[in-house]
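1. Return a 3D structure for these sequence lines:
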Amino acid sequence: MPASQSTAFRASEASHRYVLDLVRDADRDRFLGALFAPEPQRGGLLALLAFDHELARTRSVTKEPMLARIRLEWWREAMGEASGTGKPRAQPIVEVLGETIRRHGLVLDSLVELIDAREEEIEGPLDVMRAGQALADLELAVLGIDDASSRQAAHAVGAAWLMGEGPERDQLVGDARALRRKIDPAALPILLPAISLGRPMGPLRRPLAYWWAARRGRY
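-> The predicted structure follows:
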């Protein structure tokens, strides 16, 4: 992406604060993981988590399938604008995503893939593999990671995060951990939340557990 386009838009500090507060309150574990990424990647990860949260809320916001589809179509249009060269629509998450998309060269089709995955949930079960992998691919793009081992581990953790407890989730987490010595260390911010799966932790212990896992390169 040309440098002139990548610097064409910057979200306001208020929008960045809105995104940070939203993810911290709604998605604590993945918020803690994102904190271990350097800036500006950290802000990009938080924007994607806020985006994912809003998409996931669709079923709770409305029970009417048509209204749910209209809501997701709004996000498709917003992502199209955010991926362009003009100013994104005035909504905090969209604004921060607009900055993230242009800074890190995210592809519109990848953003729409996450929306499409969530649309399946309107009238049926969520395809956790598709949704988890779609978000992981966007996060990897923000982190600038493209090796196969890191992608495989991120896909596994992303899908496991959307599952309830059970052997299938345990297998995915185990598969991701088996790749620990092969991953790019820069991928740790999106892999660290795996330590919360199947391991109950209180609010005071959790930040320390993430810090210690990050120091050891574990998840």
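2. so where's this structure shaky on pLDDT?
-> 1-7 (pLDDT under 70).
3. Buried ones in the longest helix along the chain, by neighbour count?
-> For the chain, the longest helix by residue count, based on DSSP state H, is helix 65-82. By 16 or more other Cβ atoms under 10 Å, the buried positions in helix 65-82 come out as 68, 71-72, 75, 78-79, 82. Yep, even glycine has a C-beta here, placed from its N, CA and C like the rest.
4. would you list every one of the helices in this structure?
-> Under the criterion DSSP H, the chain contains helices at 3-6, 13-26, 28-34, 41-56, 58-61, 65-82, 92-104, 108-119, 128-143, 148-161, 167-178, 188-191, 205-216.
5. most packed of those?
-> Across the helices of the chain, the average number of neighbours (mean count of other Cβ atoms under 10 Å) peaks for helix 188-191, which reaches a mean of 26.
6. just to revisit the earlier point, what comes into contact with the longest helix of the chain?
-> Applying Cβ atoms under 8 Å, 6 or more residues apart in numbering, the external contacts of helix 65-82 come out as 51, 54-55, 58-59, 61-62, 88-89, 91, 94, 97-98, 101, 108, 111-112, 115, 118-119, 122-123.
7. can you check stretch 138-148 too?
-> 37, 41, 44-45, 48, 100, 104-107, 110-111, 114, 150-151, 154, 183-184, 186-187, 189-190.
8. give me that answer again for 7 Å
-> By Cβ atoms under 7 Å, 6 or more residues apart in numbering, the list of residues contacting stretch 138-148 from outside reads 37, 41, 44-45, 48, 100, 104, 106, 110-111, 114, 150-151, 154, 184, 186-187, 190.
9. Work out the gap between it and the centre of the chain.
-> Centroid separation between stretch 138-148 and its chain, computed with Cα atoms, centre = their mean, to the nearest Å, is 12 Å.
10. Span of it from start to end?
-> Start-to-end span of stretch 138-148 (Cα to Cα, to the nearest Å) is 15 Å.
11. For Asp175, give me its contacts.
-> Residues counted as contacts of Asp175 (Cβ under 7 Å, 6+ apart) are Ala156.
12. do you know how far it is from Leu192?
-> Distance, Asp175 to Leu192, using Cβ to Cβ, to the nearest Å: 16 Å.
13. that older thread, let me know the angle separating the longest helix of the chain from helix 92-104.
-> On the basis of axes from the mean of the first three to the mean of the last three Cα atoms, to 10 degrees, helix 65-82 is oriented at 40 degrees to helix 92-104.
14. Alright, calling it a day.
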